[in-house]
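Colleague: Here is my input, please return the structure:
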Amino acid sequence: MAFLDAIRLALHTLRAQKLKSAFSLIGVFIGVAFFIGAWSITNGINVYMTDKFAGTIIGVNTFHLRRRPAFTPHVSDSMWRAWARRPRIRFGDAEAVAAGITVPVLTAWQSSDRGDIEANGKTVRGAEITGATERYFDIKNLNIAQGRPFSAQEVRSGVPVVVIGSEVAQKLYPSRDPIGKPVRLGGRPYRVVGVVAEQGKLFGFSLDRFAVAPALSPVQDLVNPPGVVDALIVKASTVGEMREAMAQAEGIMRGRRHLRPQQGNTFVLETSEGVLEFWAGIQRILFFFGPMLVSVSLVVGGIVIMNIMLMAVAERTREIGLRKSLGARRRDILRQFLVESVTLAGLGGTFGVIAGVLLTFGLKAVSPLPTTLSGLSVVLGVVLGGLTGVVAGVYPASRAARLDPITALRQE
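Modeller: Here you go, the predicted structure:
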């Protein structure tokens, strides 16, 4: 029997036994759909974490000098207490490190807290209010859409000017140019000098709900105790230069704090690697448990297909005997039932691929999950469906092929 004829006969059988075929498809359908959906979510988050999240939180070729890490997903109480006992990073520390690094770098101070921004009878609640120095915008790659960033002179003089995010500008001055207009941070008056271009969202949270004012302006009373900064941000051109700058910064800080060689650091130099290491741990868990869940569904689907095919062999015993008596060879019978099994699984896999693709785009449209469809996942989904059919169909097909034609013709 030609291969195409076997497929045609298999499709005819599927049409004749719609209910059995539908039950046979379910397991493979769910397994393949889940596989593509899980792959898309994991792949999307991986790209998101590498390209945007780590870059937004820390920055590329950038490290932060902090009292403790900013990104702390799993920390014991004892570690929190140890961090709380550490001395804060002070203005003098930031100045000494920035002046002592010999590698070409950009440096900026940063201190942040949540607060309200008021203007024009409106209020933006829970915005991120930051006190920073002038290089903050270059290091964070914040593009100014309107106006300008504040200058080094304005930082040194503590001038009450502010650069706001696009969401803040739209809410406070929806139909007016905000440049030169007054806003209040923590009840204190500021003048808007710039608006940052829209950045979008990060895991569903707006990146445009913020205000940045000079570090030595009255904003320092809102974000930190006097003379204290959250972080010194240092950005280099390459990873190698960043590593060298980190070594120099560590030496300067250890010297300022009079730490002996056997003593650990009372500060942290944080890079994006810490964020990515945390995600890598989650990714390993997903790659371990994800295939297990998919395999369970495919095994269930394969068992269902095998049982359906065994029933088909039992119901068509006389047909098999008749075909053998008319000259059908053993491999023809084997091919027929194997093709039927693969066709069942292939159809389930195809519908699963369609459902997985729709699930990927649906999640991207209605949720903050950054899903990314991969062509490889689609190909693997189809292959998995076909392999399930092959594995599940081997035993029923071989059983049908071994039937004695005389015995089969006597079957009622």
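Colleague: Domain ranges for this structure, per the record?
Modeller: Following automatic domain parsing, one finds the domains of the chain at 3-53+277-410, 106-235.
Colleague: out of these, which comes closest to Gly59?
Modeller: Closest to Gly59 of these, according to C-beta to C-beta: domain 106-235, at 6.1 Å. C-beta: built from backbone N, CA, C; applies to glycine.
Colleague: residue ranges of the helices in the stretch 51-200 of the chain, please?
Modeller: Listed in chain order, the helices of the stretch 51-200 of the chain (DSSP state H, counting those that start in this stretch) span 54-57, 77-84, 91-100, 136-139, 152-157, 166-172.
Colleague: list the helices and strands the fourth one packs on?
Modeller: The elements that helix 136-139 packs onto, with contact taken as 3 or more C-beta pairs under 8 Å, 6 or more residues apart in numbering; DSSP states H and E, are strand 106-119, strand 231-235.
Colleague: now, of these, which is deepest in the fold?
Modeller: The highest average neighbour count among the helices and strands packed on helix 136-139, using mean count of other C-beta atoms under 10 Å, belongs to strand 231-235 at a mean of 25.
Colleague: helices or strands up against that strand?
Modeller: Judged by 3+ C-beta pairs under 8 Å, 6+ apart, the packing partners of strand 231-235 are strand 62-66, helix 91-100, strand 106-119, helix 136-139, helix 239-256.
Colleague: Mind putting the helices of the stretch 51-200 of the chain into CSV with distance to Met242?
Modeller: Written out in CSV, the entries for the helices of the stretch 51-200 of the chain read as follows (distance: least, C-beta to C-beta, whole Å):
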stretch, distance to Met242
helix 54-57, 14
helix 77-84, 24
helix 91-100, 14
helix 136-139, 12
helix 152-157, 23
helix 166-172, 30
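Colleague: Those helices: which one's closest to Ile233?
Modeller: helix 136-139 (5.3 Å).
Colleague: chain center to the closest one: distance?
Modeller: A distance of 25 Å separates the C-alpha centroid of helix 136-139 from that of its chain, computed with C-alpha atoms, centre = their mean, to the nearest Å.
Colleague: Stretch 252-261 too?
Modeller: The chain centroid and the centroid of stretch 252-261 are separated by 38 Å, computed with C-alpha atoms, centre = their mean.
Colleague: quick one: terminal-to-terminal distance for that stretch?
Modeller: Taking C-alpha to C-alpha, to the nearest Å as the measure, stretch 252-261 stretches 13 Å from start to finish.
Colleague: Show me what it is in contact with.
Modeller: Leu65, Pro87, Gly92, Asp93, Ala96, Val97, Gly100, Ile101, Asn265, Thr266, Phe267 (C-beta atoms under 8 Å, 6 or more residues apart in numbering).
Colleague: so who does the first one touch?
Modeller: Taking C-beta under 8 Å, 6+ apart as the contact definition, Leu65 lies against Ile89, Asp93, Ala94, Val97, Ala231, Leu232, Val234, Ala249, Met253, Phe267, Val268, Leu269.
Colleague: The third one too?
Modeller: When contacts are counted by C-beta under 8 Å, 6+ apart, Gly92 touches Gly227, Arg256.
Colleague: weakest of the domains of the chain by average pLDDT?
Modeller: Taking each of the domains of the chain in turn, the one with the lowest mean pLDDT is domain 3-53+277-410, at a mean of 72.
Colleague: can you map out the strands along the protein?
Modeller: Secondary structure of the chain by DSSP state E: the strands cover 62-66, 89-90, 106-119, 122-132, 144-147, 161-164, 182-185, 188-196, 201-202, 205-206, 210-214, 228-229, 231-235, 268-271.
Colleague: what sits up against the second one?
Modeller: Strand 89-90 is contacted from outside by Leu65, Arg66, Arg67, Gly227, Val228, Val229, Asp230, Ala231, Leu232, Phe267, using C-beta under 8 Å, 6+ apart.
Colleague: and the first one, what pLDDT?
Modeller: At Leu65, the pLDDT value in this model is 93.
Colleague: Which strand residues bridge it?
Modeller: Leu232, Leu269 (DSSP bridges).
Colleague: before we move on, the earlier item: which one of the strands of the chain lies closest to Thr343?
Modeller: Of all the strands of the chain, the one in closest proximity to Thr343, counting by C-beta to C-beta, is strand 201-202 (44.2 Å).
Colleague: end to end, how far does stretch 150-168 reach?
Modeller: Taking C-alpha to C-alpha as the measure, stretch 150-168 stretches 18 Å from start to finish.
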